[in-house]
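J.: Fold the stuff below for me.
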Amino acid sequence: MPNVWGNFPAWGLTIVLILWLVLETVLAFALYNHRRASYILTYCIALFVLVFHIWYFIDQSKIQMYPVEFSHISYFVFSVCVVFGSKKMQSFAGFCGMLTGLSFLIAGCFSPQSMLNDAASGVSLFISVMRHELLWLGGLLLFLNVARFDIKDIWISVVGIALIVGFSFLVHYHYIYPDFVKWDDMVIIKIATGTILGYVISGELPMWLRVGTVIVIFAAVACALVGYFKVNNIIYDRRLKRKLMHGGAEDTLELGVIPLVKYLLKRAGVIKAPDKKFVRSADYNCCEISSAAEEGVSEQVPKV
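T.: Numbering: from 1, shown residues only. Below is the predicted model of the structure:
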């Protein structure tokens, strides 16, 4: 597709992407101690993303364009998990959202000209930036302010990523969407086959470089995934511990279709609510409350 941007500098797009991501990050940190507001904003983002992309890909299917890239599938993973309110899937939703937004920024830093070349108009470019960076904000809010991710659920993210890659290969080899017109130009396939460096290195890439690229990328994703869970736990536990020491209480708001159904079933008596005396406060226990005694503040911590 020819470049319709004339003399617009590619670095200008990079600056826009960086500023956009920085502003969203600042907003997420500004809501650090406001879980309820963060959760409501995340839910609104997810609902918008879901409705918009259902319409978008139905419209794009007329020209044989389908949700096949990692980012495309992430739109639905993130939005569906949040809208339905699946607690176990929130970690995968947040990871997909943050990875999508960050990957788009990295692409905008290393190959902004290719983005300009692919954009048919200013509107299409804005939509592309908006949809990617909204996932960064939603994923960051989940990670930073909303949920505590159980490290035991990391397998969900591993399996989810593997399924996305497998799905993309099925598209690439025409088993799914056989009329898809860009089957040989899928970013996720270039990553999985080690040819992604073709965006910045001209000519044929040697096999050793391709293999090394794949190893480095998958190792980076694995390390990022483990660090994602660990850092989330540290952030959530410290915030909850500080809130408890100041006499606050954990915000237990849950939004989504699943929590709503559970609430209605409890109201109807189909599901019996557990006796509060025997409810185990897992989030309180995970806060390492016992360590407060070593800091001389154990008397300020409510007994659980």
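
J.: Check whether residue 82 really touches residue 141, as I assumed.
T.: No - using Cβ atoms under 8 Å, residue 82 is not in contact with residue 141; the gap is 9.8 Å. From N, CA and C alone the C-beta is placed, and that goes for glycine too.

J.: What ranges does the stretch 101-250 of the chain have for its helices?
T.: Remark: helices assigned in the stretch 101-250 of the chain by DSSP state H, counting those that start in this stretch are 112-118, 122-141, 154-172, 187-192, 207-245.

J.: So for residue 255, which of those sits nearest?
T.: Closest to residue 255 of the helices of the stretch 101-250 of the chain is helix 122-141 (Cβ to Cβ; 12.4 Å).

J.: Report the distance from the closest one to the chain centre.
T.: Between the centre of helix 122-141 and the centre of its chain there are 12 Å (Cα atoms, centre = their mean, to the nearest Å).

J.: angle of it against helix 207-245?
T.: Using axes from the mean of the first three to the mean of the last three Cα atoms, to 10 degrees, one finds that helix 122-141 and helix 207-245 are set 50 degrees apart in direction.

J.: Name the spans of the stretch 201-304 of the chain whose pLDDT lies under the cut-off.
T.: Applying pLDDT under 70 to the stretch 201-304 of the chain flags residues 273-304.

J.: please redo it, this time with the cut-off set to 50
T.: 277-304 (pLDDT under 50).

J.: circling back to that earlier point, report the set of residues contacting both of residue 82 and residue 141.
T.: Shared contacts of residue 82 and residue 141, defined by Cβ atoms under 8 Å, 6 or more residues apart in numbering, comprise 42, 45.

J.: Isn't residue 172 up against residue 192?
T.: No - using Cβ under 8 Å, residue 172 is not in contact with residue 192; the gap is 9.2 Å.

J.: how about stretch 171-191: buried residues?
T.: 171, 172, 177, 180, 183, 186, 187, 188, 189, 190, 191 (16 or more other Cβ atoms under 10 Å).

J.: Excluding covalently adjacent residues, which one is nearest to residue 32?
T.: Excluding the flanking residues, the one nearest residue 32 by Cβ to Cβ, 6 or more residues apart in numbering is residue 145, at 6.0 Å.

J.: which residues does that neighbour contact?
T.: Counting by Cβ under 8 Å, 6+ apart, residue 145 has contacts 28, 31, 32, 34, 35, 38, 39.

J.: Can you check what pLDDT the model gives the third one?
T.: Taken from the predicted model, the pLDDT recorded for residue 32 is 90.

J.: can you check the last one too?
T.: According to the model's per-residue confidence, residue 39 sits at a pLDDT of 94.

J.: between whichever strand or helix holds it and helix 207-245, how big is the angle?
T.: When elements are assigned from DSSP states H and E, residue 39 belongs to helix 35-60. Using the same axes, to 10 degrees, the direction of helix 35-60 lies 140 degrees away from that of helix 207-245.

J.: For helix 35-60, enumerate the helices and strands it packs against.
T.: helix 70-84, helix 122-141 (3 or more Cβ pairs under 8 Å, 6 or more residues apart in numbering; DSSP states H and E).

J.: Tell me which of the ones you listed lies nearest to residue 237.
T.: helix 122-141 (17.9 Å).

J.: Please identify the deepest-packed of the helices and strands packed on helix 35-60.
T.: helix 70-84 (a mean of 23; mean count of other Cβ atoms under 10 Å).
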